[in-house]
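Novice: predicted coordinates and the sequence they were generated for:
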Amino acid sequence: MTKTTKESPLTAAFLGEYSDTVEDLPLELRRNYTLIRQLDDNAEELMYQVEKETMLLTTSGKDLSPEERKKKLEHISNLLKEVINKGEEKYALAKSTYDSVDRHCTKLDNDLERIEAEQQLLEPTHRMYEHAQYESIKPSQGESRRGRKKKTNEEDYSSDNLQKEISFSNMPIDPNEPRYCYCQRVSFGEMVACDNPGCEIEWFHYECVGYT
């Protein structure tokens, strides 16, 4: 039998939303990494200036007045503060980048769990659908796949035999007798086979599936 698998609304919504989000993620990461490199370059340039000003102060400090020396020290101090600020900006940007990726991963995990839960809820419905799609057939030569004799046609019985026929459901049941159908009773009367290769029940009573 054939079965059409349809994409659930939740799955379709997830794929659409996540696809759009992931497409934007590389652009965000590239922008952040570019800014981090710029902050690194700025910090290196500032440290070069700090080193240069420190060397000048060391070599010519004795020739400077106390006021000039104070100004030099304040300038070096301001340069170092800028280096610290660049480092803090770089840290904040790196943390923001990490948090963004982490949010995407967490959202993906949560959505996948929701989809898996939805699929588990739909599985029983699919199994019922498969059982309902069986085709009514009569076993050839009056035998089932298990080798048990089945009634093939009411015309095989004469009117006398029909008058003498007793209810199969009231007959003594062998405890070792194979069980069939949803009702888990033994074989009796007209039965219909399920054409699903994976169906474990295989045979169903007419009365249980509403056949007359």
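Specialist: Thanks, I have the structure now. Not measured: the values here are computed from a predicted model. Residues are numbered from 1 along each chain as shown.

Novice: domain parsing for the chain?
Specialist: Domain assignment for the chain by automatic domain parsing gives 9-132, 140-209.

Novice: which of those domains comes out lowest on mean pLDDT?
Specialist: Least confident of the domains of the chain, judged by mean pLDDT, is domain 140-209 with a mean of 63.

Novice: from residue 77, how far off is residue 52?
Specialist: From residue 52 across to residue 77, the span is 15 Å (C-beta to C-beta, to the nearest Å). No exception for glycine: its C-beta is placed from N, CA and C like everyone else's.

Novice: thinking residue 100 is in contact with residue 28, fair?
Specialist: Yes - Residue 100 is in contact with residue 28 according to C-beta atoms under 8 Å; the separation is 6.3 Å.

Novice: and residue 199, that one's in a strand?
Specialist: No - assignment of residue 199 by DSSP: H, G, I helix; E, B strand; the rest coil gives coil, placing it outside any strand.

Novice: mind checking how far it is from residue 72?
Specialist: 91 Å.

Novice: what ranges do the helices span in the protein?
Specialist: Assigned by DSSP state H, the chain shows helices spanning 9-60, 66-132, 159-164, 206-209.

Novice: can you tell me which of those helices is packed in deepest?
Specialist: Among these, helix 206-209 has the highest mean neighbour count (mean count of other C-beta atoms under 10 Å), at a mean of 15.

Novice: these two touch, right, residue 64 and residue 72?
Specialist: Yes - between residue 64 and residue 72 there is a contact at 6.9 Å, judged by C-beta under 8 Å.

Novice: what do these two both touch?
Specialist: residue 57 (C-beta atoms under 8 Å, 6 or more residues apart in numbering).

Novice: can you pull the contacts of residue 25?
Specialist: In this structure, residue 25 makes contact with 100-101, 104, judged by C-beta under 8 Å, 6+ apart.

Novice: between the helices of the chain, which one is closest to residue 185.
Specialist: Each of those was scored for nearness to residue 185 using C-beta to C-beta, and the closest is helix 206-209 (8.6 Å).

Novice: quick one: contacts of that closest one?
Specialist: 181-183, 189-192, 212.

Novice: buried ones only from these, please, as a PyMOL command.
Specialist: Entered in PyMOL, the line below selects the buried ones among the contacts of helix 206-209, by 16 or more other C-beta atoms under 10 Å:
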select buried, resi 181+190+191+192
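
Novice: out of the contacts of helix 206-209, which is nearest to residue 91?
Specialist: residue 182 (65.4 Å).

Novice: and the contacts of residue 25 as a markdown table, adding distance to residue 113?
Specialist: Below are these laid out as a markdown table (distance: C-beta to C-beta, whole Å):
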| residue | distance to residue 113 |
| --- | --- |
| 100 | 21 |
| 101 | 19 |
| 104 | 15 |
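
Novice: return the distance of the residue nearest to residue 104 when sequence neighbours are not counted relative to residue 193.
Specialist: In space, and not counting its chain neighbours, residue 104 is closest to residue 25: 6.2 Å by C-beta to C-beta, 6 or more residues apart in numbering. Noted for residue 25: a distance of 53 Å to residue 193, by C-beta to C-beta.

Novice: check residue 187 too.
Specialist: Note on residue 187: its distance to residue 193, by C-beta to C-beta, is 12 Å.
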